[in-house]
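Participant: Take a look and give me a structure for this.
(4 chains)
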2 protein chains.
Amino acid sequence: MEAAKRESILSEACKCFAKLGFQKASVDDIARRAGVGKGTVYLAAASKKDLFYEVLLREVRDWNASLQKRIDPRRPADQLLTELALSSLATMDERPLVRELLMGGHHEVLPELKDRFDELRSIGMKPIVEVLEIGIEQGRFRPDLDVDEVARILLDLHTATVMFVVGRVSDPLRLARRTKSAFDLVLRGLTLHAPPTKA
Amino acid sequence: MEAAKRESILSEACKCFAKLGFQKASVDDIARRAGVGKGTVYLAAASKKDLFYEVLLREVRDWNASLQKRIDPRRPADQLLTELALSSLATMDERPLVRELLMGGHHEVLPELKDRFDELRSIGMKPIVEVLEIGIEQGRFRPDLDVDEVARILLDLHTATVMFVVGRVSDPLRLARRTKSAFDLVLRGLTLHAPPTKA
DNA sequence: GAACTGACTATTTTTCGATTCTGGTCACCG
DNA sequence: CGGTGACCAGAATCGAAAAATAGTCAGTTC
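Facilitator: Sure thing, here's the model as predicted:
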């Protein structure tokens, strides 16, 4: 398996899956666009499902890296968190597969990959976890936080914000404002004065 | 239009829509189960869509009332909020139509009713708004909150929690715990000490 | 004569079998 | 030996016939 061919296959597969979805994208088509024979695709991945997973993994890692790159641990973590959400929001249009993954859209078509999708979601939570840890380190965030649990909640909240605007008028300004409101709420909390942290 | 018949029609329609969804539920069937002729259904609602909306409105109002009944304005609002979420969670199984409404599931089948669905969602936010106002009144919640905006965020967060567990193993314990975590997070906020409220 | 009905119609949905398309394999090529 | 594409069984798709459905309204009932 030549590396360049593998690269080409994954890259073209990504485009096809994004444009047509898992079902309608055909292996024949992917092979043709990648400039290889169909058999070669089956050297890169054991099945169409595996190919899809491979593509998704690549996408998530890439998305992850691009977000992680923007995290400067010396800046205040509360700013980092909001900016992380806004950056993620901005990349969603270029990463439809990631968006679908977050929204759980693939579950209906490929319920048997549920566990793997969950893994990928966990990978996607890593930048959030990192920012939370930075915040605790900086003494800005409550040290008693269960960072994994909180990260999952934040990712859910972020996803919900995205979901309820997809397919609607989707004024990007509105979306950004909602994201800011939501994260401001989470950062400051509802209560007037944060109760003294007890063990 | 005799009141008892209208009642029977709406009640049976609710069951049918819940069991089969809007498309597969047939007006003939609803009429038969309600013990009336098909024409009578069209005295209760001008069309099948209107009937669906009428049923949904009834469901949301009922759901609303049952939640509102539990709100004792003398109790601490932070407790009220978490309990509200848990109560809502507990009723979801008995109110599949409301759950679908929250999750936006009807949008795909009836996009032309989007605006009405949004109205219904707003109605569903009323108990949350009430608790937020109680909290401000009690001096427990920040008085600068935009209660409508915050209520929508909380409803989204609640919905997200529900969505990501529907169709999965759905251990109810886990769901309750996640809800508690999420609302505890929102109540206390991420930051260690709430910054002094500025204008 | 107002409340109610159900046969009727135009339109949708379903069925089902023929046909095309697709995932996956493997004997063969360069 | 990395790579290929003709090949196969099963899945998706299509089209036309058949069944079902939303909505109407002349007529029945009380």
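Participant: my guess is A:Asp29 contacts A:Cys16, does it?
Facilitator: Yes - contact criterion C-beta atoms under 8 Å: A:Asp29 and A:Cys16 qualify, at 6.1 Å. (C-beta placed from N, C-alpha, C; glycine too.)
Participant: The two: who's more crowded?
Facilitator: A:Cys16 (20 against 15; other C-beta atoms under 10 Å in any protein chain shown).
Participant: any idea which helix or strand carries the closest residue to DNA strand D within chain A?
Facilitator: The nearest approach of chain A to DNA strand D comes at A:Gly39, 2.2 Å away (C-beta to the nearest atom of the strand). Following DSSP states H and E, one finds A:Gly39 within helix A:38-44.
Participant: for DNA strand D, what are the nearby residues on chain A?
Facilitator: Selection of chain A residues close to DNA strand D by C-beta under 7 Å from any atom of the strand yields A:1-2, A:5, A:23-24, A:36-40, A:42-43.
Participant: so after the helix holding A:Gly39, what's the next helix or strand?
Facilitator: That would be, after helix A:38-44 and using DSSP H and E, helix A:48-69.
Participant: what comes up buried for that next one?
Facilitator: Under the neighbour-count criterion of 16 or more other C-beta atoms under 10 Å in any protein chain shown, helix A:48-69 has A:48, A:51-56, A:58-60, A:63-64, A:67 buried.
Participant: hmm, who's touching the helix ranked longest in chain A?
Facilitator: For chain A, the longest helix by residue count, based on DSSP state H, is helix A:114-137. Where contact means C-beta atoms under 8 Å, 6 or more residues apart in numbering or on different chains, the residues beyond helix A:114-137 that reach it are A:53, A:56-57, A:60-61, A:63-64, A:67-68, A:71, A:73, A:77-78, A:80-81, A:84, A:98, A:101-102, A:104, A:106-107, A:110, A:141-143, A:145, A:147-148, A:150-152, A:154-155, B:168, B:190.
Participant: Any idea how many residues pack against the closest residue to chain B within chain A?
Facilitator: Residue of chain A nearest chain B, by C-beta to the nearest C-beta: A:Gly189 (2.3 Å). By the criterion of other C-beta under 10 Å, A:Gly189 has 23 neighbours.
Participant: is any part of stretch A:47-67 close to DNA strand C?
Facilitator: Yes - on the criterion C-beta under 7 Å from any atom of the strand, stretch A:47-67 is in touch with DNA strand C at A:47-49.
Participant: what mean pLDDT does that stretch have?
Facilitator: Stretch A:47-67 shows an average pLDDT of 96 in the prediction.
Participant: what does stretch A:92-112 give?
Facilitator: Stretch A:92-112 comes out at a mean pLDDT of 90.
Participant: ok, now stretch A:129-146?
Facilitator: On average, stretch A:129-146 scores 94.
Participant: Restrict the host helix or strand of A:Arg178 to CA atoms and write it as PDB.
Facilitator: In this structure, A:Arg178 sits in helix A:172-188 according to DSSP H and E. What follows is helix A:172-188, C-alpha atoms only, in PDB (Å, rounded to 0.1, in the frame of the first residue of the first chain):
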ATOM      1  CA  PRO A 172     -24.400  33.200  11.900                       C
ATOM      2  CA  LEU A 173     -24.400  36.300  14.100                       C
ATOM      3  CA  ARG A 174     -27.300  34.900  16.200                       C
ATOM      4  CA  LEU A 175     -25.400  31.600  16.500                       C
ATOM      5  CA  ALA A 176     -22.300  33.300  17.800                       C
ATOM      6  CA  ARG A 177     -24.400  35.300  20.300                       C
ATOM      7  CA  ARG A 178     -26.100  32.200  21.500                       C
ATOM      8  CA  THR A 179     -22.800  30.500  22.000                       C
ATOM      9  CA  LYS A 180     -21.400  33.400  23.900                       C
ATOM     10  CA  SER A 181     -24.500  33.600  26.100                       C
ATOM     11  CA  ALA A 182     -24.400  29.900  26.800                       C
ATOM     12  CA  PHE A 183     -20.800  29.800  27.800                       C
ATOM     13  CA  ASP A 184     -21.000  33.000  29.700                       C
ATOM     14  CA  LEU A 185     -23.800  31.400  31.700                       C
ATOM     15  CA  VAL A 186     -21.800  28.300  32.300                       C
ATOM     16  CA  LEU A 187     -18.700  30.300  33.300                       C
ATOM     17  CA  ARG A 188     -20.400  32.600  35.800                       C
END
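Participant: Domains in chain A, by residue range?
Facilitator: Following automatic domain parsing, one finds the domains of chain A at A:1-44, A:53-188.
Participant: of all these, which lies closest to B:Thr91?
Facilitator: In terms of C-beta to C-beta, the element of those nearest to B:Thr91 is domain A:53-188, at 19.8 Å.
Participant: Kindly check the end-to-end length of the closest one for me.
Facilitator: 38 Å (C-alpha to C-alpha, to the nearest Å).
Participant: next one: stretch A:30-46
Facilitator: Using C-alpha to C-alpha, the two ends of stretch A:30-46 sit 15 Å apart.
Participant: Now that stretch: buried residues?
Facilitator: So, applying 16+ other C-beta under 10 Å, buried residues of stretch A:30-46: A:30-31, A:34, A:36, A:40-41, A:44-45.
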